[in-house]
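# Can you look at this prediction? I've put the sequence above it.
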Amino acid sequence: MTQHSKHYPHYIDLQPVMQVQGTVRLPGSKSISNRTLLLAALSEGVTEIKDLLSSDDTMVMLNALQKLGVHWERDGETQNYIVHGASGNFPHHNADLFMGNAGTAIRPLVAALAVLGGDYTVHGVARMHERPIGDLVEALNHAGAQIDYTGNPGYPPLHIRRGHIHAQRLQVKGNVSSQFLTALLMAAPLMAKAHDVVIEVVGELISKPYIEITLNLMQRFGVEVQRDAWQVFTIKQGQHYKSPGVVHVEGDASSASYFLAAGAIAGGPVRVEGVGRDSIQGDVRFAEALEQMGATITRGDNWIEVRSNGILQSIDMDFNHIPDAAMTIAIAALYANGTTTLRNIASWRVKETDRLSAMATELRKLGAIVEEGADYMKVTPPAQILPATIDTYDDHRMAMCFSLASLDGKARRGAVMRINDPQCVAKTFPDYFEAFAKINHTELF
């Protein structure tokens, strides 16, 4: 499973905290880490990846690449890895791959395997078998791949056999997960040996900043993608991945959201290091939402700092571009002076859990009035945040979000939060609760 040996108890009790202050060095970005691992594996040459995220999701990808015959090694006790590229192919054409609950690993890997061909079974934890992959499989099969569902149609587990990709134009829906388009883009150079490949998005494309991460990283590995608005993407023939030598993984901007929100709620200043004004991650725009709520934000090349500027203001905002970080705004809303509305967040329903339903359920335990729609949420704060036992649904972001409800804000005081199954943060941020205790100046246990 995971390469770290941290063992949390079955629950953690977080006591109310008056003020937060300090600096947090962020773990590496999950989105960048798993994309970089796959691109390095498909490249010609050796890639040194610095500051790779240490988490369950990256370990899933590393283990899968090992089973596919890609050679990599870790540089001592650091988070630097050396990946020996397999030059556009995988040495092993037969493998059984366990992908945990890592969407950033399973979707691009399925596309690459389908294009390269072989005999592969791909599966994960029970929740992964409830997370949709049908739009991606349909796009690939329509182009000549041979992918079969071995459980429920539209979902993993999958059986991938040797097909023959013949289509020069692929179509994929964009309204469920941007990872389907990311997967096709990353696999496209493997198809574009004799002809250009064109990928067309059908309908609206959600989470566009994640596609920008994909295009940016593909460019670093030597492949240019021509983009016509957000509808048509063209990969010219004959391009192939080449190692850039060294890749530095940015800090995780989604993980930054918890510390930035803490500073906005409970004084600050809190500074996060590892992302800054030039980040390639869309989730740095979370800071703009905090600015709209009245917090003071300062940005550097590789850091962002936030401090409270009085009572937070409620906002009404479209969060389609930053769905993961938007969850943190639902908690910040507990400290605002009215009803906060989060719009265009239907993708929450197909993440690690149904996050719309889970957030609504747990926010109500704190006394909030919550209106939950198909693709929106309205949060009206309680007069007083109630102590609660928070269920985390095996979802790292639920655990991290609700830790913030222990903070004292200008508008209302936090309460004791019992966080069940805190171990779930290992998916992306194994040391989260230690980092949170550091800015709270409290002892964790």
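Arrived safely, thanks for sending.

# if I pick Ala187, what's in contact with it?
Pro108, Ala111, Ala112, Ala114, Val115 (C-beta atoms under 8 Å, 6 or more residues apart in numbering). Every residue, glycine included, has its C-beta placed from N, CA and C.

# Next, count neighbours for the third one.
Residues contacting Ala112 under the criterion other C-beta atoms under 10 Å number 21.

# check contacts around it.
Going by C-beta under 8 Å, 6+ apart, Ala112 touches Leu38, Leu42, Phe90, Ala183, Met186, Ala187, Leu190.

# Could you dump those into CSV with pLDDT and distance to Arg307 added?
Output for these, formatted as CSV (pLDDT from 0 to 100; distance: C-beta to C-beta, whole Å):
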residue, pLDDT, distance to Arg307
Leu38, 98, 39
Leu42, 98, 44
Phe90, 97, 49
Ala183, 98, 40
Met186, 98, 39
Ala187, 98, 44
Leu190, 97, 48
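
# Tell me which two in the residues you listed are the farthest apart.
Maximum pairwise distance among the contacts of Ala112 (C-beta to C-beta): 15.6 Å, between Phe90 and Ala183.

# in stretch 405-420, what's buried?
405-409, 411-412, 414-415, 417-420 (16 or more other C-beta atoms under 10 Å).

# List the contacts of that stretch.
10-20, 262, 265-266, 308, 310-312, 331, 334-337, 366, 381-392, 399, 402-404.

# Also stretch 282-289?
With C-beta under 8 Å, 6+ apart as the test, stretch 282-289 has contacts from 207-210, 212-213, 253-254, 256-257, 260, 275-277, 297, 299, 304, 306, 315, 317, 319, 321-322, 324-326, 328-329.

# can you do 7 Å?
209-210, 212, 253-254, 257, 260, 275, 297, 304, 306, 315, 317, 321-322, 324-325, 328-329 (C-beta atoms under 7 Å, 6 or more residues apart in numbering).

# Over to stretch 145-156?
In contact with stretch 145-156 (C-beta under 7 Å, 6+ apart) are residues 106, 114-115, 122-124, 128-134, 137, 140-141, 157-163, 165.

# CA atoms only: put stretch 66-79 into PDB for me.
The C-alpha trace of stretch 66-79 is given here as PDB (Å, rounded to 0.1, in the frame of the first residue of the first chain):
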ATOM      1  CA  GLN A  66       6.800  -1.600 -11.800                       C
ATOM      2  CA  LYS A  67       4.400  -4.400 -12.800                       C
ATOM      3  CA  LEU A  68       4.500  -3.100 -16.400                       C
ATOM      4  CA  GLY A  69       8.200  -3.500 -16.400                       C
ATOM      5  CA  VAL A  70       9.200   0.200 -16.000                       C
ATOM      6  CA  HIS A  71      12.300   0.500 -13.900                       C
ATOM      7  CA  TRP A  72      12.400   3.200 -11.200                       C
ATOM      8  CA  GLU A  73      14.300   3.800  -8.000                       C
ATOM      9  CA  ARG A  74      14.000   6.100  -5.100                       C
ATOM     10  CA  ASP A  75      16.900   8.400  -4.100                       C
ATOM     11  CA  GLY A  76      17.500   7.300  -0.500                       C
ATOM     12  CA  GLU A  77      15.000   8.600   2.000                       C
ATOM     13  CA  THR A  78      14.200  11.600  -0.200                       C
ATOM     14  CA  GLN A  79      11.100  12.200  -2.300                       C
END
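
# Report the contact partners of Leu217.
With C-beta under 7 Å, 6+ apart, Leu217 has these contacts: Ile32, Arg35, Thr36, Leu39.

# So what's the gap between stretch 231-246 and the chain middle?
Taking C-alpha atoms, centre = their mean, to the nearest Å, one finds the center of stretch 231-246 at 23 Å from the center of the full chain.

# Alpha carbons only: can I get it in PDB?
The C-alpha trace of stretch 231-246 is given here as PDB (Å, rounded to 0.1, in the frame of the first residue of the first chain):
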ATOM      1  CA  GLN A 231     -13.400  21.900 -27.900                       C
ATOM      2  CA  VAL A 232     -10.800  20.500 -30.300                       C
ATOM      3  CA  PHE A 233      -7.200  19.300 -29.500                       C
ATOM      4  CA  THR A 234      -4.800  18.300 -32.200                       C
ATOM      5  CA  ILE A 235      -1.600  16.200 -31.700                       C
ATOM      6  CA  LYS A 236       0.600  16.400 -34.900                       C
ATOM      7  CA  GLN A 237       2.000  13.100 -36.100                       C
ATOM      8  CA  GLY A 238       5.500  11.900 -35.300                       C
ATOM      9  CA  GLN A 239       5.800  13.500 -31.800                       C
ATOM     10  CA  HIS A 240       7.000  11.300 -29.000                       C
ATOM     11  CA  TYR A 241       7.800  11.800 -25.300                       C
ATOM     12  CA  LYS A 242      11.400  12.700 -24.500                       C
ATOM     13  CA  SER A 243      12.700  13.100 -20.900                       C
ATOM     14  CA  PRO A 244      13.300  16.800 -19.900                       C
ATOM     15  CA  GLY A 245      16.000  15.400 -17.500                       C
ATOM     16  CA  VAL A 246      14.700  16.800 -14.200                       C
END
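
# Identify the residues contacting that stretch?
39-40, 42-48, 50, 85, 88, 185, 188-189, 192-201, 220-227.

# So the residue lying farthest from the centre of the chain, which state does it fall into?
Going by C-alpha atoms, centre = their mean, the residue of the chain most distant from its centre is Ala194, 33.8 Å out. The local conformation at Ala194, judged by DSSP: H, G, I helix; E, B strand; the rest coil, is coil.
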